[in-house]
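>>> Compute the structure for the input listed below.
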Amino acid sequence: MTLALGMPGGTEWILILIAFCLTLVLPILAITDIVKGEFRNSNDKLIWILVVLFMPIVGSMIYFWVGKGQKIGA
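Predicted structure coming up:
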């Protein structure tokens, strides 16, 4: 059995793009939204930043699902 190493095909590029978005773009968007927003509790901003920094993918998803509702005017 031989293993052919070469350039990724179409499906591989899609998976690479999804992985890139999840690991870099999503946390950057979440931190940007956290820093620009005002929260009801003054400690919420710091807590959400720490959550996104220590768990970038899961923390960002949780922030967009739960944390945006904690902002003033959300």
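>>> Show me the helices in this structure, by range?
Listed in chain order, the helices of the chain (DSSP state H) span 10-20, 26-36, 44-54, 56-65.
>>> Tell me which of those approaches G73 most closely.
With Cβ to Cβ as the measure, helix 26-36 is the member of the helices of the chain nearest G73 (11.9 Å). C-beta: built from backbone N, CA, C; applies to glycine.
>>> and for that closest one, what are the contacting residues?
Identification of contacts with helix 26-36 by Cβ atoms under 8 Å, 6 or more residues apart in numbering yields 45, 48-49, 52-53, 56-57, 59-61, 63-64, 67-68.
>>> now do 6 Å
Residues external to helix 26-36 that are found in contact with it (Cβ atoms under 6 Å, 6 or more residues apart in numbering): 45, 48-49, 52, 56, 60, 63.
>>> With mean neighbour count, distance to I72 and mean pLDDT added, can I get the helices of the chain in JSON lines?
JSON lines is the format used below for the helices of the chain (neighbours: other Cβ atoms under 10 Å; distance: least, Cβ to Cβ, whole Å; pLDDT from 0 to 100):
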{"stretch": "helix 10-20", "mean neighbour count": "10", "distance to I72": "32", "mean pLDDT": "84"}
{"stretch": "helix 26-36", "mean neighbour count": "16", "distance to I72": "12", "mean pLDDT": "94"}
{"stretch": "helix 44-54", "mean neighbour count": "16", "distance to I72": "10", "mean pLDDT": "95"}
{"stretch": "helix 56-65", "mean neighbour count": "16", "distance to I72": "16", "mean pLDDT": "93"}
